[in-house]
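next comes the sequence, and after it the predicted model I'd like to discuss.
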Amino acid sequence: MSYTTENTGTPPNHTTNNYTTNTTVPPQRSGGSGVALAIGALVALAAIIAYFVIANPGPADDTVNISVDAPAAVENSAERVGEAAGAAADAVGDAATGAAQAVEGAAERAASDTN
C-alpha cells in the first residue's frame, strides 16, 4: 500500500490524497482429494489382501488325491482318431474320383477336337 500527499498550491490549504492498494491473490490449492482417494484405495486393497491371507489358512492336511482313468481316456482318443482317419480316407477317395473324371473328360474333349 502506498500513500501520497500532494499540495498543488492552487486553493490554499487544499491537500490531494491518493491511495493505491496492491493485492495479490495466492493461487488456490487443491483440497487434496486425489491423494486421499489414492490412500483410501491402498488401504482397501491391503484390507482385502489381509482378509484372504488371514481368513483362509489353507487345507487342514496336505493329502491330495488325484485319480485319472487312463484306459478310458486312451480308448476315447483312439476312437476319435479312427473316425478322423476314416473321414480323411473318404475325402481323399472322393478327390481322386473327381480328378479321374476330370482327366477322362479332358481326354474326351481333346479327342473330339482332333477329329
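Nice, I can see it. Residues are numbered from 1 along each chain as shown.

from the chain's centre, how far out does the one helix or strand Ala91 maps to sit?
Take DSSP states H and E as the rule and Ala91 turns out to sit in helix 70-114. Offset of helix 70-114 from its chain centre (Cα atoms, centre = their mean, to the nearest Å): 45 Å.

mean confidence for it?
What helix 70-114 shows for mean pLDDT is 86.

what packs against it?
If you count contacts as 3 or more Cβ pairs under 8 Å, 6 or more residues apart in numbering; DSSP states H and E, helix 70-114 packs onto no helix or strand. In short, each C-beta sits where N, CA and C put it, glycine included.

next, Asn18: secondary structure please.
strand (DSSP: H, G, I helix; E, B strand; the rest coil).

that one: how many residues sit nearby?
Residues near Asn18, counting by other Cβ atoms under 10 Å, number 9.

again, but for Gly93
10.

okay, now Ser67: neighbour count?
If you count neighbours by other Cβ under 10 Å, Ser67 ends up with 4.

that should have said Leu37, apologies.
Around Leu37 there are 10 residues (other Cβ under 10 Å).

and it, what helix or strand is that in?
Following DSSP H and E, the helix or strand that holds Leu37 is helix 33-55.

and that helix, what's its mean pLDDT?
Model confidence over helix 33-55, given as mean pLDDT, is 87.

can I get that helix in CSV? Just the C-alpha atoms.
As requested, C-alpha coordinates have been extracted for helix 33-55 and formatted as CSV (Å, rounded to 0.1, in the frame of the first residue of the first chain):
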residue,chain,number,x,y,z
SER,A,33,-9.0,-35.2,-2.6
GLY,A,34,-6.9,-37.0,-5.2
VAL,A,35,-4.3,-38.0,-2.6
ALA,A,36,-7.0,-39.0,-0.1
LEU,A,37,-8.7,-41.2,-2.7
ALA,A,38,-5.4,-42.9,-3.6
ILE,A,39,-4.6,-43.6,0.1
GLY,A,40,-8.1,-44.9,0.7
ALA,A,41,-7.8,-47.3,-2.3
LEU,A,42,-4.5,-48.6,-1.0
VAL,A,43,-5.9,-49.2,2.5
ALA,A,44,-8.9,-51.0,1.0
LEU,A,45,-6.6,-53.2,-1.1
ALA,A,46,-4.5,-54.0,1.9
ALA,A,47,-7.6,-55.0,3.8
ILE,A,48,-8.8,-57.3,1.1
ILE,A,49,-5.4,-59.0,0.8
ALA,A,50,-5.2,-59.4,4.5
TYR,A,51,-8.6,-60.9,4.7
PHE,A,52,-7.7,-63.6,2.1
VAL,A,53,-4.3,-64.3,3.7
ILE,A,54,-5.5,-64.5,7.3
ALA,A,55,-9.1,-65.8,7.0
